[in-house]
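> my questions are about this predicted structure, shown below with the sequence.
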Amino acid sequence: MSRANGKDYEPAAHASSDGDPAAIAAPRKYTQQKSWALRLAIAGLLVALAIGVWLGFRVRKAPNAPAITLPLTIRQITTWAGLDSNPAFSPDGESLAYSSDHTGNFEIYIRSIAADGRDIQLTTDGQQNFDPAWSPDGKRIAYYSMNRHGIFVISTLGGLAKQLTEFGSHPVWSPDGQWLAFQGISSPDLDGMPMGSSILWIVNSQGGEPRQLTQVTNPPGSHYAPSWSPDGKRVAFINYNTVSPQVWSIAVSGAELQSITKPGTGDKSWPIYAPDGNSIYFNRGETLWKTPVSPDSGAAVGEPIKVADLGSTVIRNATLSASGKWLAYSAYTSTDNLISVPMSPLTNEPAGSPSFLTNQPGTRHIAPAFSPDGSRIAFSTMRRGNTSNLWIADADGGNLNQVTTEGGRFPSWYPDGKQLAFLSVRQGRRRFRSIAASGGNEKVLFETDDIENSRMSPDASEVAFNFTKDGVINVATMPVTGGELKQLTYDRVLAGWPCWSPDGQFLALEIKRGDDTHIAIIPSQGGEPVQLTFARGQSWPHSWSPDGDKIVFAGARDGVWNLWWVSRSDKSVRQLTHNTKLNAYFRYPAWSPRASQIVSEYSESRGNIYLMELR
C-alpha cells in the first residue's frame, strides 16, 4: 500500500486481455503508446531532477532552512537527577569533562563516553566549579571557581589546582596550549550572560599578567563565551549590546573585528569553531546553527544553516570533538513559575511556606508587578518560539488573562489600576507603550533605542531604565510622554535595574563590584548612590515594602539563590526563603501594596550530558 496526500489508495488491478478482441488486435498501437510514455517519463524525470537541484540550492541558501546536518544518533552520557553541564571533550574525543552538583556543590568530573564509563571526580573543594576546558595535550583542565573567583588549572590526574587569574570565567585553550582566552566578568547563572561590561582577556597557561583582547566600545556591549579558531589566529565570541546577543570574531592581536551574525535574526549563544575552521556553530534560541566563515579573514561567507532542532529539548553548552564527528551538550529541562511568599504586614517577616501561583510548562514568568490596590499581578511571559507578552492574574493566581498579543515586557501600573505601561521591541523598533489592563488598543508613549528594563514611577510621570553608553550600563529617566533623557548614575562598571520607592523619591538599583553585585539607592532626581549590601554574591532588586523602608531582592550567597530584604534606614538584611538547591533561582520579587505577600519568578533546572553524532 502506498500513501499519497495523506490518503490511502491501492494501485489499480491490471485488466485481463483474455476474450478482448481490441486488446489482441492492437499490439503496434500499445508499443507506440509505451514508447511515448517512456519518453515522457524520462523527460519528466529530468525536469524533476532539475527542480530538485534548484530547490536544494534554494534550501541551502535560505536562512531559515530546515536542518541540513542532521544527527545520526543521540546518546545519553550521564543520568544524574540533578544538573550536569558545561561538557568539554578530551583531545582524543574519548572522554568528557563537565560540571555537576553530585555532592551538593558543583565540581568538575571526567567520564569516558564509552557505554560503561564512570564518573571520576576531579575537584573536591566545594567552591562551585564550572566551565571545564581540556588542554590540547590532555594533561590539564582549566575551570572557573565561582566562590574562589578566577581561572584555575588542575592536572587530569587530580591534585592541587593552580590559580591563574583572580577574575574571569569560561576559559578556553589556544590550539598550541600556550594561552587561555576567557571572559572578564563571570555569569551569576550557570550558563547565562555576564552582568556588566565584560571583555575578553588572554593569559599564559603557565601564569602571568592577563592581556586585554577586546575593547568594551568595539563592538559596544558585553563580550563573553570565547572560542579559538583551529589555527589559533582568531577568537569567536558573543557580544550583547542590550538589543540582541550576536556572534563576532577577532584576531588575537585585537584587530580585524568581524561580525558573524546579524541582529534581527534571534539571540545567539555559545559559539564554537568547527575543527576545519570553515564555520562557526552557535545556539539560536534552543536550536543549533552554523555560519560558514573564511579561515583567512574570519568573515562570514554564507547564510546560517540549521544543524539540529530537538523540539522541546534545550541544547546548552554545545561543544565539538576534534574530529567534528561528535557534538556534546547539556540538555536542560526547567520548571519555571511565579511563587508567592506570605508575609506579615506587621513584622515584614515570612508568615508561611511559599506556594506556586502559575503552572505553565515551558514558560518563563518575568517581572511581576502588583496593581496599586494589590488585588492583581501583571507580568510578562516568555515561551519557546513565541514573543514575550503581558498577562494579568489575581493576586492568588486566579483569572489568568493575556493582555498583549504582539509583544510586551516589564509592565508597570498606572495609579488608577486600569492601564499598564510596558516596553516593546517589534520589527527592531523599541517603544514604550500603554494599554488598558483588560487589553485592547495600544498607545505609543515614546520611541528610543536607549531604553531597557523600564519601570514607570508611581505617579506615572517618569520612567526609569537601564541606559548603556560606551558599553557600560547606568540608570537614566525620561518623561513618560517622551522628552529629554536624564542620566542619573555614572558608574564605570554597572549601575542598573532601577525600581521606584512607593513615594517616588528614591530608586533602588544594582551596582557591580568585582564579581559581586550589591543593592544601592539614589534620589530619583539624581545624586550619589548609597550602597546598602556588602555580602559576597549577587543582589538583584525589584521592589520595595509598602512603608518605603525595605527593598526586596533576589540574592545568591555561595551560589544559592533566595529572596532577601535590606532596610534603607539601618542596612539590616533578612533572608526570606530557604532554598538550598544550586540549580534553582529566584528573580524579580514584587512586594504587594497590602504587605501580605511577595511574588517572584522561581525556576529549577535539571540536565544531563548527551552526545550527538553529526553527518
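That came through fine. Numbering: from 1, shown residues only.

> remind me what the helix or strand where residue 612 lies packs against, helices and strands.
Assigned by DSSP states H and E, residue 612 falls within strand 597-614. Strand 597-614 makes packing contacts with strand 71-76, strand 84-89, strand 326-342, strand 363-370, strand 584-591 when contacts are defined by 3 or more C-beta pairs under 8 Å, 6 or more residues apart in numbering; DSSP states H and E. For glycine as for every other residue, the C-beta is placed from the backbone atoms N, C-alpha and C.

> count of residues packed around the nearest residue to residue 366 once chain neighbours are set aside?
Using C-beta to C-beta, 6 or more residues apart in numbering and skipping residues adjacent in sequence, the residue nearest residue 366 is residue 380, 4.8 Å away. If you count neighbours by other C-beta atoms under 10 Å, residue 380 ends up with 25.

> which residues does residue 380 bridge with?
Counting by DSSP bridges, residue 380 is bridged to residue 366, residue 390.

> would you check that it makes contact with residue 409?
Yes: Residue 380 is in contact with residue 409 according to C-beta atoms under 8 Å; the separation is 4.1 Å.

> what sits in contact with each of the two?
Counting by C-beta atoms under 8 Å, 6 or more residues apart in numbering, the common neighbours of residue 380 and residue 409 are 366-367, 388, 390, 422.

> turn those into JSON lines, including pLDDT, distance to residue 212 and neighbour count.
Compiled in JSON lines, these are given as follows (pLDDT from 0 to 100; distance: C-beta to C-beta, whole Å; neighbours: other C-beta atoms under 10 Å):
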{"residue": "366", "pLDDT": "93", "distance to residue 212": "34", "neighbour count": "18"}
{"residue": "367", "pLDDT": "95", "distance to residue 212": "34", "neighbour count": "23"}
{"residue": "388", "pLDDT": "90", "distance to residue 212": "35", "neighbour count": "20"}
{"residue": "390", "pLDDT": "97", "distance to residue 212": "41", "neighbour count": "26"}
{"residue": "422", "pLDDT": "97", "distance to residue 212": "38", "neighbour count": "28"}
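
> just checking, which helix or strand of this protein averages the lowest pLDDT?
Least confident helix or strand, the chain: strand 7-9 with a mean of 27, by mean pLDDT, DSSP states H and E.

> list the contacts of stretch 250-266.
Stretch 250-266 is contacted from outside by 63, 174, 179, 200, 202, 212-215, 218-219, 232-237, 243-244, 246-249, 268, 271, 280, 282, 284-285, 291, 293, 297-300, 304, 428, using C-beta under 8 Å, 6+ apart.

> related to what we said a few turns ago, how far off strand 363-370 does the strand holding residue 612 point, in degrees?
160 degrees (axes from the mean of the first three to the mean of the last three C-alpha atoms, to 10 degrees).

> could you tell me the angle between strand 597-614 and strand 326-342?
Using the same axes, to 10 degrees: strand 597-614 against strand 326-342 is 170 degrees.

> got the CA coordinates for strand 597-614 in PDB?
Taking Å, rounded to 0.1, in the frame of the first residue of the first chain, the C-alpha atoms of strand 597-614 are listed here in PDB:
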ATOM      1  CA  GLN A 597       2.800  38.600  50.100                       C
ATOM      2  CA  ILE A 598       5.900  38.800  47.900                       C
ATOM      3  CA  VAL A 599       5.600  37.200  44.400                       C
ATOM      4  CA  SER A 600       8.700  36.200  42.500                       C
ATOM      5  CA  GLU A 601       9.800  34.200  39.500                       C
ATOM      6  CA  TYR A 602      11.200  30.800  40.600                       C
ATOM      7  CA  SER A 603      13.000  28.400  38.200                       C
ATOM      8  CA  GLU A 604      14.600  25.000  38.800                       C
ATOM      9  CA  SER A 605      16.700  23.300  36.100                       C
ATOM     10  CA  ARG A 606      17.800  19.700  35.600                       C
ATOM     11  CA  GLY A 607      20.000  18.400  32.800                       C
ATOM     12  CA  ASN A 608      22.300  15.600  31.600                       C
ATOM     13  CA  ILE A 609      25.100  15.300  29.100                       C
ATOM     14  CA  TYR A 610      24.300  13.900  25.700                       C
ATOM     15  CA  LEU A 611      26.300  13.100  22.500                       C
ATOM     16  CA  MET A 612      25.000  13.800  19.000                       C
ATOM     17  CA  GLU A 613      26.700  12.200  16.100                       C
ATOM     18  CA  LEU A 614      26.800  14.500  13.100                       C
END
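
> for it, the averaged confidence score.
Taken as a whole, strand 597-614 has an average pLDDT of 92.

> before we move on, what about stretch 107-116?
What stretch 107-116 shows for mean pLDDT is 94.

> residues contacting residue 424?
With C-beta under 8 Å, 6+ apart, residue 424 has these contacts: 404, 406-409, 430-433.

> if we go to 7 Å?
Going by C-beta atoms under 7 Å, 6 or more residues apart in numbering, residue 424 touches 407-408, 431, 433.

> what's across from it in the sheet?
According to DSSP bridges, the residues that bridge with residue 424 are residue 431.

> mind checking how far it is from residue 356?
Using C-beta to C-beta, to the nearest Å, residue 424 is found at 28 Å from residue 356.

> and if you look at residue 555?
Residue 555 is 21 Å from residue 356, by C-beta to C-beta.

> so these two - more neighbours on which side?
residue 555 (28 against 12).

> which SSE is the closest residue to that one other than its chain neighbours in?
Distances taken as C-beta to C-beta, 6+ apart put residue 564 closest to residue 555, at 4.4 Å, once the chain neighbours are dropped. Residue 564 is part of strand 560-567 when elements are defined by DSSP H and E.

> now residue 158
Applying DSSP H and E, one finds residue 158 in no helix or strand.

> now for residue 349, how many residues are close by?
So residue 349, with other C-beta under 10 Å, has 10 neighbours.

> do the same with residue 227
Applying other C-beta under 10 Å, we find 23 other residues in the vicinity of residue 227.

> ok, residues contacting the strand or helix carrying it?
For residue 227, the host element (DSSP H and E) is strand 222-228. Strand 222-228 is contacted from outside by 170, 172, 174-175, 181-183, 193-194, 196-200, 214, 235-240, 269-273, using C-beta under 7 Å, 6+ apart.

> again, only using 6 Å
Contact partners of strand 222-228, identified using C-beta atoms under 6 Å, 6 or more residues apart in numbering, comprise 170, 172, 174, 181, 183, 194, 197-200, 214, 235-240, 270-273.

> ok and the helix or strand harbouring residue 496 relative to strand 363-370, angle-wise?
Secondary structure from DSSP H and E places residue 496 in strand 495-500. Computed by the same axes, to 10 degrees, the angle separating strand 495-500 from strand 363-370 equals 50 degrees.

> what about strand 495-500, distance to the chain center?
21 Å (C-alpha atoms, centre = their mean, to the nearest Å).

> and it, what's buried?
495-500 (16 or more other C-beta atoms under 10 Å).

> then stretch 429-439?
Here stretch 429-439 shows 430-435, 437 as buried, counting by 16+ other C-beta under 10 Å.
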